[in-house]
Every structure is written in C-alpha cells, then in structure tokens.
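# Sequence below, structure please.
(chains A and B)
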Protein chains: 2
Amino acid sequence: MAGRQLHLNVNTLNSGFYSSAWRAPSGDPRAFVDVAHYVRVAQIAERGTFDAIFLADVPSFSDRPDLRPFQALEPTIVLAHVAAATEHLGLIGTASTSYNDPYNLARRFASLDLASNGRVGWNIVTTADPAASRNFGADTVDAHAERYGRAAEFADVVTALWDSWEDEAFVGDKASGHFIDTTKVHAIDHRGRHFSVRGPLNVPRSRQGRPVLVQAGGSADGQRLAAQHAEAIFSVAHTLQDALDFSSSIRTQARAFGRGGEDIVILPGLATIIGSTETEARRREEELWALSPGDYGLRRVAGILKVDPASLDLDAPLPPLTRPADGMQTFFDALVEAAERDQLTVRQLIRKFGGSTGHRVLVGTPEAIADDIETWFRAGAVDGFNLMPDVLPEGLEVFVDHVVPLLRRRGLFRTHYTGRTLREHFGLARPASRFASAPAPVARAASGA
Amino acid sequence: MAGRQLHLNVNTLNSGFYSSAWRAPSGDPRAFVDVAHYVRVAQIAERGTFDAIFLADVPSFSDRPDLRPFQALEPTIVLAHVAAATEHLGLIGTASTSYNDPYNLARRFASLDLASNGRVGWNIVTTADPAASRNFGADTVDAHAERYGRAAEFADVVTALWDSWEDEAFVGDKASGHFIDTTKVHAIDHRGRHFSVRGPLNVPRSRQGRPVLVQAGGSADGQRLAAQHAEAIFSVAHTLQDALDFSSSIRTQARAFGRGGEDIVILPGLATIIGSTETEARRREEELWALSPGDYGLRRVAGILKVDPASLDLDAPLPPLTRPADGMQTFFDALVEAAERDQLTVRQLIRKFGGSTGHRVLVGTPEAIADDIETWFRAGAVDGFNLMPDVLPEGLEVFVDHVVPLLRRRGLFRTHYTGRTLREHFGLARPASRFASAPAPVARAASGA
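Next up is the predicted model:
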C-alpha cells in the first residue's frame, strides 16, 4: 500500500439516506433514538477502517416527523457512546453556531476529544431553519451573511479556547504538589462583534491537539468559511467537473487566507444502493421507492426549491424557478441542473435523489461503485467521500464487505489503521497551540492570538 | 428487606473530596480528565447498589488550578461514557441555568436519558462565579434573585419540553408508513421574562418519563426553587438538628406549592475518611492533611467566607464576619457555626473540613460510619446521603466493601436493584406528560401547560 490514500466517512442519517429506509425489511423504526443502532453502524465502519462516523443535526422537531426518522438524539451524546465502543474510528458531530455558545461548545467537544483519545471533529454549520430559531427566542432567522459572520467569529473563539492550554501545562507532580503550570494556561480575552469570552478553557488539549474542523455549506459564504477554517469539507458534487471546480476554488481561496491549500480534505456526499448485479441493485432501488412514505419526497424537493408542493406537477418538468437568496443553495443547484441535464419530470427527479437527499446517488454493483470512486479520486477531484448507505446498518455492511476489499486491492484504501487520531487518519498535521512558548533555550514568548 | 430504604449517591469530586487526594498513594493526578477514572468509580458504586453517581460543575477554569484537580470534563460527556459501562446506576449531572439554553440542555439530558434507558438526573444550579460569567459575555454576575428567577423559568421550560411528546407519540408502523403521531407531539409556546421557546423537543420521552430534577442550593431562593421543582436535594447539614430543620422546612414549602412534601428525596453531603480502627482512620486523615497542597485550604475557606486570605490568622479564631448577600451561604454558615461550637482556630477549621469542602466529614471505622448513617436516617432527618469519599476510587471501594454490608445487614439498604430507572431507585413516581390525552373512551383534551 503506497501513494495517496482515499478517505471515507459514514454519514449516519438515522435509518439510512433513503426516505423509506426505516420501512425496509432490515430497517428498525426505533433506530433513530437507539444509541445501540449508532454503535452498530460505527463498529461496522471501524471494521472497514473508515476514517470517521459523521452525524448531521438540526436543533428542532423535523418538518415531516410523521413520515420518517430525523436526527433526534444530541450528536455529542451519541458520539460519546460510540467512543466508548470503538478504538480508532473518528467521531464527527454537527453543532450549530447560530444556537450554541462558544465556551460550552468548545468544552463539550474538547471533553469528547479527550475521552476518545483525539478522535473528534466538529462540523460547523449555521442554522436557517425557522422552527429552530423559534426554540431559541427568535421569531426570524438571521440573514445569511450575519449567520456566517457569527460562524467565523465563533470558530475563532472555539479554536482559541482549544489552544488555551499549552501541551505542557499539566504537571501533576505528586512529590511537589504542583498540579498545573498556570503560566502555560492562557486567557483568550476575546471581545468581538458577537462574543466576549475571557477563557481559558477548563479542559487541556488532547492527543490530536484539538478537534478537526469540518464544514458542509456550499454557498459563497460557506465556501469562504471553509477556506478560512475547515480541515475537512463535506461537499456536494454531482459531476466530476463540479468536483474538480469546487476543489480548485476552495484550495485557491484557502491560499488567499495564507493556508496551504492542500491541507484540506474534500469529501463529497455519496449515496449508495448496492446489488450483486446491476439488476439486483435496480430492484433494491425499486423496492425502496415503492415504500417511500406518502408525499415526503415531493415536500422535501419543494422545500429545497422553496416552492409550494401544490405548485409542482409530478408528471411535468420543473417550472421556471428563482434561486433562493438563502437556504440549501447547493442542493437547489443540484436539483435544477439534474432536471435540465436529464430532462426529468418532478417524479423522476424525486426518485433520482432517493426521495430525500440532494447528494449524488449511485446504484450498482460493488465493482461499478469502486470504479466510480477510483475515477473521481484519481482525477484529483476528491480526497474521498462521505458515504450515505441506503439502509443502515445493512447498506454499510455490504459496502464494507464488498466495496472496501476492491478499494484495498487497488491500493486506494488502508487495510488497517496506521494512526490513532482523526488528524492522523485524515493526514492532517497536529496544530501547535497559538499560545505555545518558544522551545528552549530561547526565552519563552507568547506568539499572540 | 423491608421498610423505608436508604438512598446513596457518590459525588465524584475528581480524585476525591480531600484537597490532597490526587497526591495520596492511590491517587492518580490525571484522573480528573480521564473518563476511565469516572467509569471505574461508577462500576464500584453499581457493585454497591448505589442510587447514582453525581457530578458537580462550574463552567470556568478553577480558581486554584495550580494546586488540585477540578471539574474539567463536561459532565454529560462523562455520564454518557458511564452509561455505556453500567446498567442500573443513576447518572446525575450538574448544568447551570445561568449559562445554558433551555432547548439545548433539555435535549442533551433527554438524549442521555434515552441512551441510558431512564437513569438520568439534572442537578439545577445557578452560577455566581465571576470567572464563569466572563466566559459568557458578562463582566458581572447577575444578582441572586435574578439568577433564581431565571432558574425557575428555565426549569419550567425544560420540563415542558420533556413533556412535549406524549408517551404514545411514536408509532413506527412499517406497514402503513405512519412514523409519528404528530397530534401527540405538542408545541410548548413558552413566552416568559427570560426565554421564548416554541418547541416541541425533538426527542421522545424515556422509560422514566423525564430526567429527575435535583437541586443543591441552600439559600432562601435555593430552597424555594427546590421546594417548587426538586425531586431530590443535595443539601448541607452538620448536625442532626440542622438536618431535621431543613427537611421540615423544605417539605412545608413544597406543600405550599401544592406538592406532596414526601416526594422529595433529601440527601446531605457526607465526606468520609475510613479506617479499620479509629486510630487507622485518624492516621489516614493525618496523612492527607500533611499532603494538603500549599495554602489551598486557607484560600478555599477565605473564598467561602468572602475575606482576604491574608486577613486570617491560622492560629487565631475567626474574626467577626458578615454573612455575604450572595455566594455559598450554606457553607458560610457551616464554617462559622463549627468554629464557634468547637472553639476552633482557622487552621483547625480548615482541617476539620478536609481542607476543601463545607460538608460534614466523618472520620472513623465502618461501624461508626454505619451507626451515624443509621441514626440520621431513623430520625427521619434524611433519606440518605451524597457520599464524598476522601480518595477515589479507593475510598469508595472501602465504603462499598465494609460499610454497605453493614447497612444491608441492618435492613437499611438494598441488596440488589429492584428497579431500572433513577426514579425507581429513588422511589419517585413516573410523571405523566402534562400534555397527555385523557384516556379512552373520554374524548382527547389537552390538560394545558
């Protein structure tokens, strides 16, 4: 095994990405609130030497809870259970900068990072969901730019808090009674537009220094946030050209922020429906489609397109649409482009996206899926994928048992873990604390925040 | 085994209650940031059929971090690891109403309650720590009454959110595709002085209905909050008479709020230093005292008394003091009363309180400690204790192996768990959702919030 290596996360969308996953023969309706389900998925991913498990999140009651599962359990609580049941797998949790507080969030993720021995990532999102805003004292959603301004400052504060203990701050010398060297623990004294946080954090740094910053928004503001802060990106790409363009754009923007553009791991979403033959895969898709609950797919697509579901004719092409100024712009673009490119009716469009997601869906044999992954990876368009199996844990088990061996045989994917931390899995350097003292014998000098 | 039963929590103050616990031969300096330490303590407590593990919390860097461990790891992350490693033990975590948000807190504790199959308690505290306020955008601490006003409204919102799903809301019928009965999931539409929260929560109710509400403040405002909301109280009591008075006062106040005064479990703190003989116990205390780090005890006592440490003469009695309008009033009273009653110098006072805590410290044999516990319990002054062993896990192991068998033999304490949830351990009823529909055949009618 040599050369550049592929990275794979499993994005655990409750019962699986397909809207009807919970109704599939192997689906468990109660899985969405059962930590044992997430633990099972994680253990299969770890058997497949995946980089990480990824949990999405929205802090509100789902918009269609009558028809399918949603992210109910708070992600860090789930990931703590996964941490206790795994040894290597990375643990990426989503938490919103719109409805959290930087000190509490920094501390919770740092605690999980210590508890898991350096396996944690934080997926930074802003929340545009009006149902969420009403749970946090606001009747309206902040404008896009305002949300992203808050997100950027939030990430600054959180990373400063994660750096506030130098690596050598903990002493713990029983003989002398010296517990912590407080000259190596630093207030951050942040005073900004949205936050005023003195610090320091009350948690030391972890084995990987600090959690990996992940970002998933594809809008212009989202890309800027990613270019400035993200170490891994969960992107949306439907064509190889899209993926090449996105990668090039992000790396150029990152260099403008003074970063090495190559230090960012780009992982588009990839939904899979796998069969041992092409026919079997199509039949599986057919069965999941037939189980699609009620008008969920129509409402979901209408939600992305920001139109009234009643205004869409299932058997006609999409009407002319205006790109929304806010919301899921990347998914909007993906749907509109796919509908035009493939001349789809609304019904065909819903079906193409598995009734629920805006990500690319591959239906096929393990060989066909491995070929596709290899093509994108060798083209330099991606560093790997955020995998979204149709039904969990079954669809992941099939991927690990039938696709992963092919990727390994082709020299693309690890056969065993060579690192312990998420940074090591992703090939990311361990960051020094921004407050780190200069090494001896040079006199100690803070490098400033 | 029959009759009224004792309840025991272990209050895991990092390395143990004694300020020098981390320097004791069995102490581990790194335990405070090691989830495995908390898991070990919890497993010993579960072997001893304790009701729960209890974690304190302050969201700031400790005031004397150079000298001893402090609560660093975020409690719900620690408790999630404990949940994964235990089956019966209750899990009580502290979280401040001053620096949290009700929706996020309700969701995190509800998630942990589901994940642990109904074993969670939330210890409601307000935070008066200026170091904490500066981590949350405030340069000053809110006044006592204002903090408690916020706390009471916070608890109202959180319990309403925990009730927002009726028990039968989840359907999960694969055949019909009906996932959730949304007529049984309710917005709470709270609009109050401090919070505006629409709801519903996105997490269903747990096996015990909702987490147990615990309260630990002894001020007049704290007692009122406890009388109104608490199902278990972590109190401070140094004499049997104090404990009797407190219990009577709380139960009277609870009845004024329309509650059954007997539905509250009162558990004062009890710090223990145990030896197989009285002499051995005293020697153990002597050794821990000799290891007390620097001037930690002096600074801690001065902090409780709200005076400059330099103003205290170690070899003189306490100077005349004014009871502070805010801060740790219960501990203030305990210190001043003990100093007067036993004619102690400042040094003796520090030593009496184990160099660190304001709770009652018992030094003696397992028999003497069991006798004391039995006396207080049979007098009706307490329902049990929040145990604080001197050094962890060692001090808890000694208690479980040598004190618990005595309590069991006397018919005071369970020999095995008869329930599964924390409510069942505490003998508390499972609360119905306040939104619960009337039972059939009576027509459904919301009972209102």
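
# Pull up the residues of the stretch 101-250 of chain A that are close to chain B.
If contacts are counted using CB under 8 Å from any CB of the partner chain, the residues of the stretch 101-250 of chain A sitting beside chain B are A:101, A:103-104, A:107-108, A:111-112, A:114-115, A:131, A:134-138, A:170, A:172-174, A:177-182, A:185, A:195-204. Backbone N, C-alpha and C define where each C-beta goes, glycine included.

# Just the buried ones out of those, please.
The neighbour-count test (16 or more other CB atoms under 10 Å in any protein chain shown) marks A:101, A:103-104, A:107-108, A:111-112, A:114-115, A:131, A:134-137, A:170, A:172, A:174, A:177, A:179-182, A:185, A:195-204 as buried among these.

# Tell me which of the residues of the stretch 101-250 of chain A next to chain B fall in helices.
Of those, the ones assigned to helices by DSSP state H are A:103-104, A:107-108, A:111-112, A:114-115, A:131.

# can you put these in CSV and add distance to A:Thr330?
Formatted as CSV, those follow (distance: CB to CB, whole Å):
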residue, distance to A:Thr330
A:Tyr103, 31
A:Asn104, 29
A:Arg107, 31
A:Arg108, 28
A:Ser111, 32
A:Leu112, 28
A:Leu114, 34
A:Ala115, 33
A:Ala131, 21
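
# need those residues in a markdown table with pLDDT, can you?
Converted to a markdown table, those look like this (pLDDT from 0 to 100):
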| residue | pLDDT |
| --- | --- |
| A:Tyr103 | 97 |
| A:Asn104 | 97 |
| A:Arg107 | 98 |
| A:Arg108 | 98 |
| A:Ser111 | 98 |
| A:Leu112 | 98 |
| A:Leu114 | 98 |
| A:Ala115 | 98 |
| A:Ala131 | 87 |
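
# Quick one: low-confidence residue ranges for chain A.
Of all residues in chain A, those with pLDDT under 70 make up the ranges A:1-2, A:63, A:326-327, A:354-356, A:438-449.

# Spell out, range by range, the strands that occur in it.
With DSSP state E as the definition, chain A shows strands at residue ranges A:7-11, A:52-55, A:90-96, A:120-125, A:170-173, A:178-180, A:190-191, A:196-197, A:212-215, A:232-235, A:265-274, A:360-364, A:384-389.

# what bridges to the nearest residue to A:Ile124 once chain neighbours are set aside?
Distances taken as CB to CB, 6 or more residues apart in numbering or on different chains put A:Gln215 closest to A:Ile124, at 5.2 Å, once the chain neighbours are dropped. With DSSP bridges applied, A:Gln215 shows beta-bridge pairing to A:Ile124, A:Ile233.

# wouldn't A:Gln215 be in contact with A:His229 here?
Yes - here A:Gln215 lies in contact with A:His229, judged by CB atoms under 8 Å, at a distance of 6.7 Å.

# how about the ones in helices among the residues of the stretch 101-250 of chain A next to chain B, which pair is most distant?
A:Leu114 and A:Ala131 (33.4 Å; CB to CB).

# contacting residues for the residue of the stretch 151-300 of chain A found nearest chain B?
Taking CB to the nearest CB as the measure, the point where the stretch 151-300 of chain A comes nearest chain B is A:Gly172, at 3.1 Å. Contacts here follow CB atoms under 8 Å, 6 or more residues apart in numbering or on different chains; on that basis A:Gly172 touches A:179-180, B:22, B:29-30.

# Distance to A:Ala243 for those residues - can I get that in JSON lines?
JSON lines is the format used below for the contacts of A:Gly172 (distance: CB to CB, whole Å):
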{"residue": "A:Phe179", "distance to A:Ala243": "50"}
{"residue": "A:Ile180", "distance to A:Ala243": "47"}
{"residue": "B:Trp22", "distance to A:Ala243": "52"}
{"residue": "B:Pro29", "distance to A:Ala243": "49"}
{"residue": "B:Arg30", "distance to A:Ala243": "44"}
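
# Which of those residues sits closest to A:Leu270?
B:Arg30 (40.7 Å).

# give me the number of residues near that closest one?
By the measure other CB atoms under 10 Å in any protein chain shown, the count of residues near B:Arg30 is 14.

# can you check A:Ala334 too?
What A:Ala334 shows, counting by other CB under 10 Å, is a neighbour count of 23.

# Spatially nearest residue to it (excluding sequence neighbours)?
For A:Ala334, the nearest residue in space outside its immediate sequence neighbours is A:Gly358; the separation is 4.9 Å by CB to CB, 6+ apart.

# Surely that neighbour is in contact with A:Ala338?
No - distance between A:Gly358 and A:Ala338: 9.3 Å, which falls outside the contact criterion (CB under 8 Å).

# Among the two, which residue is more densely surrounded?
For A:Gly358 versus A:Ala338, neighbours defined as other CB under 10 Å are more numerous around A:Gly358 (22 against 19).

# so how far is A:Gly297 from that one?
Using CB to CB, to the nearest Å, one obtains 12 Å as the distance from A:Gly358 to A:Gly297.

# for A:Gly177, same thing?
As judged by CB to CB, A:Gly177 and A:Gly297 stand 65 Å apart.

# quick one on the thing from earlier: and the residue nearest to A:Ile124, what is it in contact with?
A:Gln215 is in contact with A:123-125, A:222, A:225-226, A:229-230, A:232-234, counting by CB under 8 Å, 6+ apart.

# Then A:Ile124?
Taking CB under 8 Å, 6+ apart as the criterion, A:Ile124 is in contact with A:95, A:97, A:151, A:154-155, A:213-216, A:225, A:229-230.

# cool, and A:Ala302?
When contacts are counted by CB under 8 Å, 6+ apart, A:Ala302 touches A:308-309, A:311-312.

# Since that was my last question, I'll sign off now.
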